[in-house]
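>>> Sequence isn't available, so here's the structure alone:
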């Protein structure tokens, strides 16, 4: 009887410290357009927030790479921002084939405070974000004081 009770207690202790959830499958896929890693099957997660950012255990988070807005009167121009999230620098890639006016970018904090401005002088402009704290920022691409696109830029450490 003592052996059975001891084994029962040990099994209950092992179960309480065991894996709480599992991933059914996952992997990594690469192609000419880039690479992606994925997993599915985990339905529970725990988010831990701190002053430097947020950590979500066990769940791969989606990366949003789309402009927040494009004014309807905007000229057809390809503008992309990568990598997003950025650590040290972000690249603003523009297609200048139809548009040759002076352009600039503005980086705003989430509360609307202007953080940085810069001129766009070539098809690829490097934006230094290394000294910025980890947070979410808005990046406006402008020409003649008109907003062409607004991106959400995520800065990680």
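Arrived safely, thanks for sending. Everything quoted here is computed from the prediction, not taken from an experiment.

>>> Okay, helices next: where are they in the protein?
Ranges of helices in the chain, per DSSP state H, are 2-16.

>>> domain ranges for it?
For the chain, automatic domain parsing gives the domain ranges 2-56, 67-155.

>>> weakest of the ones you listed by average pLDDT?
Mean pLDDT is lowest for domain 2-56 out of the domains of the chain, coming in at a mean of 68.

>>> So what would you say the end-to-end distance of stretch 123-138 is?
20 Å (C-alpha to C-alpha, to the nearest Å).

>>> Identify all contacting residues around that stretch.
Residues outside stretch 123-138 that contact it (C-beta atoms under 8 Å, 6 or more residues apart in numbering) are 52-53, 68, 86-96, 105, 107-110, 115-116, 118, 139, 150-157. No exception for glycine: its C-beta is placed from N, CA and C like everyone else's.

>>> do stretch 88-106 as well
The contact list for stretch 88-106 (C-beta under 8 Å, 6+ apart) reads 75-84, 114, 116-120, 123-130, 139-144, 148, 153.

>>> again, only using 7 Å
75-84, 114, 117-120, 123-130, 139-144, 153 (C-beta atoms under 7 Å, 6 or more residues apart in numbering).
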